[in-house]
Each structure stands twice: as structure tokens, then as C-alpha cells.
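Chemist: using only what follows, build the 3D model:
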Amino acid sequence: MCSSAQTRPRNSAILKQGLEVRLKNLPGRITIATAVSLPAAGWITGLTELPSAYLPFAERATEFLAIFSIILAWRFRRSRIFLAAMTLALANQLIRGPLTVEISTGFGPGLAALAILLPLNLGLIGLFRDRSVVKVSTLICLAAIFIQPALVSWVLSLGLSENRFGRWFDLAQTPQASLLAFLIATVFTLVALTLRRGVFEIGMLGVLTCCALAMHGDRGLLSATLLLAAAQLVLLLGLVEDSHKLAFLDELTELPARRAFNEALRSLTGTYAIAMVDIDHFKRFNDRYGHQAGDQALRMVADSLRATGGRTKAYRYGGEEFALIFSGQSVASARPHLEDLRRAIADRKFSIRSPERPQKKPDRPKKSKKTPPQAKLTVSIGVAGPTADRSESGEVLRAADRSLYRAKRSGRNRLVGS
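Modeler: Next comes the predicted model:
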């Protein structure tokens with residue numbers, strides 16, 4: 001379903017306000033900041049040539065972050081973060097164990113193999129879909145990641161570098177081969193980011209940056225360990241931010257969800273007003289036009305709520321019901337803004353999208369001879385504020401809910417306050 005505005009200035013303001021809010025609430029803001037700052041911080045720390053006495057602390061920090069990421073990934077069923085954290089942990093163990101001499105003296109065959117396998121594994125993990133950690137496919141991927149070092153050691157022990165494959169082995173041991181692997185992994189991650197636009201993909205760009213600096217920084221064991229710790233921290237913060245988004249943001253409307261509203265209620269003090277907004281006859285609308293059109297209607301109402309004037313914040317309360325909190329405003333000062341909201345929604349007309357219409361606009365759209373059916377929506381609104389008899393926010397919410405039901409009983413498409 002798409003909409004065409006009758007009141008163009010008002011609808012332009014709605015669209016502009018909706019865009020501003022989406023940019024302000026851009027998912028992954030914290031992850032973007034950490035993906036940029038942590039690799040830089042790890043690199044700068046390595047340049048300072050910290051004493052080797054800091055190495056045990058860096059090692060413990062890397063192990064702690066890896067364990068924490070793995071546990072949380074298992075708890076939230078994020079197989080990609082689980083696999084990425086295990087991959088980084090394995091790389092760190094190899095660098096602190098069999099590859100300690102190579103990373104201290106130069107680019108040897110074992111470090112060269114790790115510098116190729118590490119980015120390729122991370123890039124492929126980014127293309128997977130999240131599933132349970134205990135799935136067979138996840139465990140197979142984990143086994144493949146852990147078998148690779150042993151397989152590379154076995155191949156090197158065969159002495160293949162002395163026969164006709166020697167040229168390829170020599171090429172694989174150059175830094176350019178590793179940089180090519182990092183480039184391929186970055187392309188994989190950018191493709192995944194384009195398709196999913198998720199926090200994990202944003203964080204993975206920071207992880208690859210940390211790993212590239214660790215493999216090619218040539219600053220010794222401490223610097224590489226710190227950079228791998230930074231990579232684990234990027235993963236961990238990305239997981240925390242993504243989990244917060246799922247808990248506090250409604251996926252359909254991109255408004256803060258019921259849990260965020262409950263949190264906001266606890267902090268309300270002084271003068272404020274709470275408004276409850278309910279779409280009239282929404283079940284009838286869904287039954288007639290389908291759930292896809294219903295979802296579009298919910299998004300439209302959410303955009304209208306975002307554009308509500310005054311110091312207000314909108315929430316999706318549940319189903320077709322929304323909530324508005326006017327901070328620092330009384331019911332009297334909130335009323336004009338709510339009336340504008342009610343009229344703006346009632347004045348808008350909608351063209352119902354055909355079920356055969358593609359989700360994405362084609363390069364050469366065909367003009368339809370049929371005129372799409374038109375539909376209109378209205379909302380009922382109840383508003384209330386604190387008084388001497390109801391000073392608690394929960395009591396104000398219940399008063400606003402009672403006002404909403406009075407608005408619906410008295411004919412709908414109206415505002416009732418108390």
C-alpha cells in the first residue's frame with residue numbers, strides 16, 4: 001500500500017520528520033563508532049611500544065572477551081557471532097603459541113597461512129544466516145575452522161614447496177596474498193551489509209580492520225594481541241547493541257516498543273501528558289485489504305506520530321495501539337498537537353497495493369489500466385495528565401486508556417481528554 005497526500009504540507013512534514021528520526025535511530029551507531037575507533041586505538045597503542053609486562057594483561061583481556069562473546073552468542077542464538085568469536089580466539093592462540101616466533105621476526109609460512117584463512121573465514125561467516133549454535137551445520141563450520149591449522153601444517157610438512165607447486169606456495173606466503181584475502185572478505189561483508197543492513201555486518205568491517213592490522217602491523221606480539229582483543233570487543237558491543245534494538249525497537253514501525261515505553265514511564269516526573277492512540281476498525285481493514293496493507297497502514301500511522309508537534313515521543317504499545325508521551329507539557333498544551341495528528345491521518349487517502357505488485361520498483365514499470373482501490377483510516381485518541389488524585393505514571397496511563405475507550409464509544413475519530 002502506498003499513500004498520496006491530500007494535505008501536502010502536512011504530509012511533507014511527516015515524511016521529513018520520519019526521515020530525520022530514522023537517521024537519528026540508525027541501527028548500529030555504537031557499532032559504527034567502535035568499528036572505527038577500536039582498530040585505531042589498537043594500532044596507536046601498538047605504536048607506543050608498550051613494555052612486554054603488559055602482554056599478560058592483553059592476553060587475559062582477549063580470552064575474557066572471547067569467552068563473554070561466545071556465551072552471549074550461545075544464549076541469544078547468534079551462530080555467526082559464535083563462529084567469528086571462536087575464529088578470533090583460535091587466531092589469538094596460534095599467534096601466542098606456534099606462531100609467536102614468526103610474528104616477532106617476520107612473515108613466515110604459518111603466519112602467512114593464518115593471514116589468508118582468517119579473513120576468508122570471517123568473510124564467509126558474514127554470508128551465513130543466524131541460527132542456533134547447537135545446529136549441526138554450525139558445529140560442522142566450527143570443526144572446519146579448527147581443522148584448518150592442522151591441515152595447513154600437514155601440507156607444509158609434505159614438502160610440496162619443493163616441487164611443481166612451489167611457485168604457488170611462494171605466492172601464498174607473500175603479504176599481497178593476505179591483503180587480497182582481506183579484500184575478498186571485505187567485499188563479502190559489504191554484500192551482506194547491502195542485503196541485510198544489520199549491526200553484525202557493520203561490526204564485521206571493524207573486525208576485519210583489526211585483523212588486517214594485527215597480521216600486517218609488524219609491531220610484535222603485544223600489538224597483535226591488543227588488536228585481536230579490539231576485534232572481540234567490536235563483536236561483543238555489536239551483539240549488545242543488536243540485542244538492545246530487538247528488545248526496545250518495534251521492527252515493523254521502527255518506533256520504540258512496549259518495553260521502551262515502560263522504561264520511559266518509570267522516569268516521568270513533573271508536568272507531562274500521556275496519549276493513547278488506536279486505529280479505528282483496524283481488524284475490519286485487515287480482513288478487507290489483507291495483512292500486507294495493514295502493515296503499511298501501521299507504518300503510515302507511525303510516521304504521522306513521529307511528526308506530532310511538541311516535545312513528544314511516540315511508541316508502539318501493541319497491535320494497532322500506540323502511545324505518545326509529552327514531556328513538560330500539560331493536557332491542555334498537548335491537545336492542539338493531538339488534534340492536528342487526528343485530522344492529518346483522517347485526511348489522508350491510500351491506494352491499496354495489488355498483491356501482484358513487486359516489492360521493489362522495476363526499471364521499466366508497466367502502467368496498470370486498473371485504478372487501485374482507495375481507503376481511509378481514522379484514529380481515536382485518549383489523553384491524560386497527572387493530577388492530585390493520580391500522581392503515579394501508571395495511574396495516568398490508565399486514565400488515558402479510559403479516555404481512549406470513551407472516544408471509541410462516542411463514535412471514534414475523536415480526541416477525549418481527562
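
Chemist: which residues in this structure form strands?
Modeler: 2-4, 272-279, 312-318, 321-327, 349-351, 374-375, 379-384, 415-417 (DSSP state E).

Chemist: tell me which of those strands sits nearest to Leu252.
Modeler: strand 312-318 (7.8 Å; CB to CB). (C-beta placed from N, C-alpha, C; glycine too.)

Chemist: TSV for the strands of the chain, including mean neighbour count and mean pLDDT?
Modeler: Listed next are the strands of the chain as TSV, based on neighbours: other CB atoms under 10 Å; pLDDT from 0 to 100:
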stretch	mean neighbour count	mean pLDDT
strand 2-4	14	41
strand 272-279	25	95
strand 312-318	21	92
strand 321-327	22	95
strand 349-351	16	72
strand 374-375	14	76
strand 379-384	26	95
strand 415-417	20	91
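
Chemist: which one of those lies closest to Thr194?
Modeler: Nearest to Thr194 among the strands of the chain is strand 2-4; the distance by CB to CB comes to 23.7 Å.

Chemist: Pro119 reaches Cys210, doesn't it?
Modeler: No - Pro119 is beyond contact range of Cys210, at 11.0 Å (criterion: CB atoms under 8 Å).

Chemist: show me the domain layout of the chain.
Modeler: Domain assignment for the chain by automatic domain parsing gives 26-247, 256-355+371-417.

Chemist: lowest mean pLDDT across these, which one is that?
Modeler: Mean pLDDT values for these show the minimum at domain 26-247, a mean of 82.

Chemist: show me where the stretch 251-400 of the chain has helices.
Modeler: 258-266, 282-289, 291-306, 331-347, 393-409 (DSSP state H, counting those that start in this stretch).

Chemist: mind listing residues that contact the first one?
Modeler: If I follow you right, that is helix 258-266. For helix 258-266, the external contacting residues (CB atoms under 8 Å, 6 or more residues apart in numbering) are 247-249, 256, 313, 315-318, 323, 325, 393-394, 397.

Chemist: which pair of those spans the longest distance?
Modeler: Greatest spatial distance among the contacts of helix 258-266 (CB to CB): Leu249 and Gly394, at 23.0 Å.

Chemist: quick one: which of these two has more around it?
Modeler: Leu249 (17 against 12; other CB atoms under 10 Å).

Chemist: pretty sure that one sits against Pro256.
Modeler: Yes - with contacts defined as CB under 8 Å, Leu249 counts as touching Pro256 at a distance of 6.2 Å.

Chemist: mind listing the shared neighbours of these two?
Modeler: By CB under 8 Å, 6+ apart, no residue touches both Leu249 and Pro256.

Chemist: need the contacts of helix 258-266 in CSV with distance to Thr186, can you?
Modeler: Listed next are the contacts of helix 258-266 as CSV, based on distance: CB to CB, whole Å:
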residue, distance to Thr186
Ala247, 30
Phe248, 31
Leu249, 28
Pro256, 33
Lys313, 38
Tyr315, 38
Arg316, 36
Tyr317, 42
Gly318, 41
Ala323, 42
Ile325, 42
Ser393, 48
Gly394, 50
Leu397, 48
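
Chemist: list just the nearest of those residues to Lys408.
Modeler: Using CB to CB, Tyr317 comes nearest to Lys408 of the contacts of helix 258-266, at 14.9 Å.

Chemist: could you measure from the nearest residue to that closest one once chain neighbours are set aside over to Ile32?
Modeler: Spatially, and ignoring its direct neighbours in sequence, Tyr317 is nearest to Ala323 (4.6 Å; CB to CB, 6 or more residues apart in numbering). Ala323 sits 29 Å away from Ile32, going by CB to CB, to the nearest Å.

Chemist: what do you get for Val152?
Modeler: Taking CB to CB, one finds Val152 at 34 Å from Ile32.

Chemist: circling back: which of the contacts of helix 258-266 lies closest to Thr225?
Modeler: Of the contacts of helix 258-266, the one sitting nearest to Thr225 (CB to CB) turns out to be Ala247, at 33.0 Å.

Chemist: ok so, going back, most packed of the helices of the stretch 251-400 of the chain?
Modeler: The highest average neighbour count among those, using mean count of other CB atoms under 10 Å, belongs to helix 291-306 at a mean of 20.

Chemist: who are the packing partners of it?
Modeler: helix 8-24, strand 272-279, helix 282-289, strand 312-318, strand 321-327, helix 331-347, strand 349-351 (3 or more CB pairs under 8 Å, 6 or more residues apart in numbering; DSSP states H and E).
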